[in-house]
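I'll drop the sequence and a predicted model, then ask my questions.
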Amino acid sequence: MGTARNSLSWAYVGQERTFGTRIATFWNTNRRFRSSQRWIGSKTVTRRSAQYGDPRSYLLDPSEWPEGDLTADAPPAAVHLQQIVRAVEAALAEASISRRELARRSGLGNATLDRLLNGVGWPDYLTIVAIEDAVGVAIWPDRTI
């Protein structure tokens with residue numbers, strides 16, 4: 001039985017693995033689950049990417065991520081994610097930090113960071129906080145309602 005090195009490390013607890021506040025339980029059976037679903041505790045939860053699609057799919061031209069114009073049916077989260085990605089890229093350019101170095105400093109995987117910055121995944125709050133701490137700049141967009 002291991003212990004977590006920091007809040008973003010895996011910790012093994014009996015038959016459960018915890019990552020932050022998420023818990024995935026694994027059985028020794030051949031159960032198969034759709035890739036759009038995750039086990040949290042004892043229930044299946046649909047991933048955001050399956051619910052909303054990729055963030056860049058809401059652009060009129062997906063190859064223009066994150067600068068392109070959004071479609072009329074884009075969720076508000078897509079607008080905010082564009083602002084977050086622009087802020088991260090500006091912070092990286094200002095500090096002359098590579099994506100790989102940002103991943104190392106933030107404790108995130110390269111794939112997680114690439115999915116966020118390339119517009120193919122939705123970040124969670126812990127990911128955004130880890131990036132903000134690593135670059136030393138607030139990247140959460142100001143929001144007026």
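Sure, I can see it.

counting contacts, what elements does the lengthiest helix in the chain pack onto?
If you go by DSSP state H, the chain has its longest helix at helix 76-95. Judged by 3 or more CB pairs under 8 Å, 6 or more residues apart in numbering; DSSP states H and E, helix 76-95 is in contact with helix 99-106, helix 110-117, helix 125-135. Every residue, glycine included, has its C-beta placed from N, CA and C.

nearest to residue 60, out of the ones you listed?
In terms of CB to CB, the element of the helices and strands packed on helix 76-95 nearest to residue 60 is helix 110-117, at 19.8 Å.

how about that closest one: buried residues?
Buried residues in helix 110-117, counted by 16 or more other CB atoms under 10 Å: 112, 113, 115, 116, 117.

I'd like those written out as TSV, with pLDDT and distance to residue 140 added.
Below are these laid out as TSV (pLDDT from 0 to 100; distance: CB to CB, whole Å):
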residue	pLDDT	distance to residue 140
112	92	17
113	94	17
115	93	18
116	93	13
117	95	16
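
ok, so of these, who is nearest residue 76?
For the buried residues of helix 110-117, the nearest to residue 76 is residue 116 (17.4 Å; CB to CB).

residue contacts, the closest one?
84, 85, 88, 123, 127 (CB atoms under 8 Å, 6 or more residues apart in numbering).

just the buried subset of those residues, written out for PyMOL, thanks.
Buried subset of these, written as a PyMOL selection, criterion 16+ other CB under 10 Å:
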select buried, resi 84+85+88+123+127
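
tell me the two of the contacts of residue 116 that are most distant?
Taking CB to CB, the two most distant members of the contacts of residue 116 are 85 and 127; they sit 12.1 Å apart.

just the pLDDT at residue 20, thanks.
pLDDT for residue 20: 44.

right, and the helices and strands packed on helix 76-95 - which one's nearest residue 55?
helix 110-117 (8.9 Å).

okay, the closest one in PDB with CA atoms only?
In PDB, the C-alpha atoms belonging to helix 110-117 read as follows (Å, rounded to 0.1, in the frame of the first residue of the first chain):
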ATOM      1  CA  ASN A 110       2.100  15.900 -21.100                       C
ATOM      2  CA  ALA A 111      -1.000  14.300 -22.600                       C
ATOM      3  CA  THR A 112      -3.300  16.100 -20.200                       C
ATOM      4  CA  LEU A 113      -1.700  19.500 -21.000                       C
ATOM      5  CA  ASP A 114      -1.700  18.800 -24.700                       C
ATOM      6  CA  ARG A 115      -5.400  17.900 -24.700                       C
ATOM      7  CA  LEU A 116      -6.200  21.100 -22.900                       C
ATOM      8  CA  LEU A 117      -4.100  23.400 -25.100                       C
END
